[in-house]
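Undergrad: What follows is a protein structure lacking sequence information:
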């Protein structure tokens, strides 16, 4: 291959990579929009549940906090050993 052929091949490869990158960006933006919509819907459902059941919500939150704290404590104690 001479220099011109190498340069043409490199330019084609770069252009193809740019096209692929643009396609991936479009896909990522669509997926992000879907996930954001799902999270917004879920957040509204959770908010409604909390308003209707504040005691249950507090108990669930406390339980989750206790579980996460316990896990964090276990992991921290393993690192010290």
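TA: Thanks, I have it. Given the structure is predicted, the values throughout are model-derived calculations rather than measurements.
Undergrad: Identify, by residue count, the longest helix of the chain.
TA: Using DSSP state H to define each element, the chain has its longest helix at helix 3-52.
Undergrad: Could you tell me the angle between the very next helix or strand once past that helix and helix 3-52?
TA: Later in the chain than helix 3-52, the nearest helix or strand by DSSP states H and E is helix 54-80. Angle, helix 54-80 to helix 3-52, by axes from the mean of the first three to the mean of the last three CA atoms, to 10 degrees: 130 degrees.
Undergrad: gap between helix 54-80 and the chain center?
TA: Offset of helix 54-80 from its chain centre (CA atoms, centre = their mean, to the nearest Å): 22 Å.
Undergrad: where in this structure is pLDDT low?
TA: The chain contains residues with pLDDT under 70 at 80-81.
Undergrad: What number of neighbouring residues does residue 67 come out with?
TA: Using other CB atoms under 10 Å, residue 67 has 10 other residues around it. In this view, the C-beta of every residue, glycine as well, is placed from N, C-alpha and C.
Undergrad: again, but for residue 57
TA: Residues near residue 57, counting by other CB under 10 Å, number 15.
Undergrad: same check, this time on residue 5
TA: Count around residue 5 with other CB under 10 Å applied: 9.
Undergrad: coming back round to it: I'd like to know which elements the longest helix of the chain is packed against.
TA: Packing partners of helix 3-52 (3 or more CB pairs under 8 Å, 6 or more residues apart in numbering; DSSP states H and E): helix 54-80.
Undergrad: Which other helices and strands does the helix it packs on contact?
TA: Helices and strands touching helix 54-80, by 3+ CB pairs under 8 Å, 6+ apart, are helix 3-52.
Undergrad: what's the spacing between the helix it packs on and its chain's center?
TA: 12 Å.
Undergrad: Going forward, the N-terminal residue is numbered 454.
TA: In the new count, where the first residue is 454, that last one comes out as helix 456-505.
Undergrad: Roughly how far does residue 469 sit from residue 462?
TA: Separation of residue 469 from residue 462 (CB to CB, to the nearest Å) stands at 11 Å.
Undergrad: No further questions, thank you.
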